[in-house]
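Visitor: got a sequence here, can you build the structure:
(one chain, ligands or ions: 1)
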Amino acid sequence: MALLVGVAALACNSDSTQPLGPPDHLVKNGGDQQRWYFNNPLPVPYSVRVQDANNRPVPGVSVEWSFITGAGSFSVNPSTSNANGVATTVYTLGSSSTNVVNARVTGLPTVMFFASASAPGTAVGVTVSNFLFAPRDTAVQTGGTVTWTWNSGTTQHNVTYTGGPTPLPSNSPTQDASGPTFSTTFTTVGTYTYHCNIHPTTMSGSVTVVH
Ligand SMILES: [Cu+2]
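Guide: Model (predicted):
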């Protein structure tokens, strides 16, 4: 038994001092299965790691990206694996709802990425209740409007912007009851964050504005 353990440890040691082998396989590293909007870049880049037969990262390898379904575009193509063996590209969706992309290194099995796309809303509603915004995170098309509707009894809340492309939109008045509304029309692409400044730890949200 002791001998077996010794042999295993030795094998492990010799592995780490062996010269790096040629690219053997690709491992999916990030960006798969996103849902986003037509003609917008996916929020998370597509990323694969190139490894040798002993699962060590191989730098300097060219990874080619191609779409099988859905004609989008890539920020870089091909991309080259970095010191950690990782190659990335940002995929911008086209007008197809289904998107399948292959990452490929010559001679190795391909790795597939899936994304689905839809049209962003132009008139989006959020409920202001005790003590949350629902939905918390929402998206709207450029030029579209988000309308918050209060449903809060006698407790007062507001929509106060905390971040995003400047200048930030105007904040809502502080109000209560059921029925009052507040709207913002968004003209600049980006992610806006907001909270109720009376209940900032529980009541926060975001609006992502897309093309
Ligand atoms: Cu509040």
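
Visitor: what residues are up against residue 202?
Guide: Residues near residue 202 by Cβ atoms under 8 Å, 6 or more residues apart in numbering: 131-132. In short, each C-beta sits where N, CA and C put it, glycine included.

Visitor: run the last query once more with 6 Å
Guide: For residue 202, the contact set (Cβ atoms under 6 Å, 6 or more residues apart in numbering) comprises residue 131.

Visitor: same question for residue 132.
Guide: residue 203.

Visitor: if you set the cut-off to 8 Å instead, what comes out?
Guide: Counting by Cβ under 8 Å, 6+ apart, residue 132 has contacts 202-203.

Visitor: low-confidence ranges in the protein?
Guide: 1-16 (pLDDT under 70).

Visitor: close to the ion: what parts of it are there?
Guide: When proximity is defined as Cβ under 5 Å from the ion, the chain approaches the ion at 157, 196, 198-199, 203.

Visitor: are any of the residues you listed buried, and which?
Guide: 157, 196, 199, 203 (16 or more other Cβ atoms under 10 Å).

Visitor: show the contacting residues for the nearest residue to the third one once chain neighbours are set aside.
Guide: Residue nearest to residue 199 in three dimensions, not counting chain neighbours: residue 131, with 5.1 Å by Cβ to Cβ, 6 or more residues apart in numbering. Residue 131 makes contacts with 155, 157, 196, 199, 202-203, as judged by Cβ under 8 Å, 6+ apart.

Visitor: reformat those as a markdown table; add secondary structure.
Guide: Conversion of these to a markdown table gives the following (DSSP: H, G, I helix; E, B strand; the rest coil):
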| residue | secondary structure |
| --- | --- |
| 155 | coil |
| 157 | strand |
| 196 | coil |
| 199 | coil |
| 202 | coil |
| 203 | coil |
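
Visitor: report the two of these separated the most.
Guide: 155 and 202 (11.8 Å; Cβ to Cβ).

Visitor: ok, back up a step: of the residues of the chain next to the ion, closest to residue 29?
Guide: residue 203 (35.3 Å).

Visitor: relative to residue 165, how far out is the closest residue to that closest one other than its chain neighbours?
Guide: Nearest residue to residue 203 in three dimensions, chain neighbours excluded: residue 196, at 3.9 Å (Cβ to Cβ, 6+ apart). Note on residue 196: its distance to residue 165, by Cβ to Cβ, to the nearest Å, is 21 Å.

Visitor: hmm, residue 151 and residue 181 touching each other?
Guide: No - contact between residue 181 and residue 151 fails when scored by Cβ atoms under 8 Å: they sit 10.6 Å apart.

Visitor: which of the two has more residues huddled nearby?
Guide: residue 151 (15 against 12; other Cβ atoms under 10 Å).

Visitor: return the alpha-carbon coordinates of stretch 139-153 using CSV.
Guide: The C-alpha trace of stretch 139-153 is given here as CSV (Å, rounded to 0.1, in the frame of the first residue of the first chain):
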residue,chain,number,x,y,z
ALA,A,139,-34.2,45.7,-19.3
VAL,A,140,-35.7,48.2,-21.8
GLN,A,141,-34.9,49.2,-25.3
THR,A,142,-33.3,52.6,-26.0
GLY,A,143,-36.0,55.2,-26.1
GLY,A,144,-38.3,53.0,-24.0
THR,A,145,-39.9,53.8,-20.7
VAL,A,146,-39.9,52.1,-17.3
THR,A,147,-42.9,52.9,-15.2
TRP,A,148,-42.9,52.2,-11.4
THR,A,149,-46.3,51.8,-9.8
TRP,A,150,-46.7,52.1,-6.1
ASN,A,151,-48.5,49.5,-4.1
SER,A,152,-47.3,50.3,-0.6
GLY,A,153,-50.2,51.3,1.7
